[in-house]
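Asks: 3D, please:
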Amino acid sequence: MNAWDAGLVHGGLGLRADTGYALVFRIAASTPARVRVTVQDGASPEAGPMLVHDVPAGPQPCLVALRFVADADTDAGELGFGVGGQRTAYSLTLDDVSLRPAG
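Replies: Numbering: from 1, shown residues only. Down below sits the predicted model:
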């Protein structure tokens, strides 16, 4: 089982090359889990992700803040949460998700 076997994706994000971004969200899971967070150009996924980060989640809600610099201009950016890859079923809560230029 892989993180990308199940996922949540929000597309259509405008990202500008050489611009720093801050991704902030709250996460919790009914049992301990790892969630793979990615930001990439949905129109050109072969270019590789701009951000890849595995985030631990557990019963206690946690605030996560990640930063990255976009490496290309796109109006088809995608924010993805890879939620598969767990050995047991679980419930996941994502809240207060924000992706903004840092600065």
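Asks: residue 93 - that's part of a strand, no?
Replies: Yes: looking at residue 93 with DSSP: H, G, I helix; E, B strand; the rest coil, it is inside a strand.
Asks: now this structure, which segments are flagged as low pLDDT?
Replies: Along the chain, segments meeting pLDDT under 70 span 1-4, 45.
Asks: tell me the contacts of the residue nearest the centre of it?
Replies: Geometric centre of the chain, nearest residue: residue 37, 2.9 Å, by C-alpha atoms, centre = their mean. Residues in contact with residue 37 (C-beta atoms under 8 Å, 6 or more residues apart in numbering) are 23, 51-55, 64, 66, 79-82. For every residue, glycine as well, the C-beta is placed using N, CA and C.
Asks: the helix or strand containing it: which residues count as buried?
Replies: In the assignment (DSSP states H and E), residue 37 maps to strand 33-41. Within strand 33-41, the residues scored as buried using 16 or more other C-beta atoms under 10 Å are 33, 35-41.
Asks: which among the residues you listed gets closest to residue 101?
Replies: For those, the residue nearest residue 101 by C-beta to C-beta is residue 39; the value is 12.9 Å.
Asks: and the nearest residue in space to that closest one that is not next to it in sequence, how far from residue 59?
Replies: Excluding its sequence neighbours, the residue lying closest to residue 39 (C-beta to C-beta, 6 or more residues apart in numbering) is residue 51, at 4.1 Å. According to C-beta to C-beta, to the nearest Å, residue 51 stands 26 Å off from residue 59.
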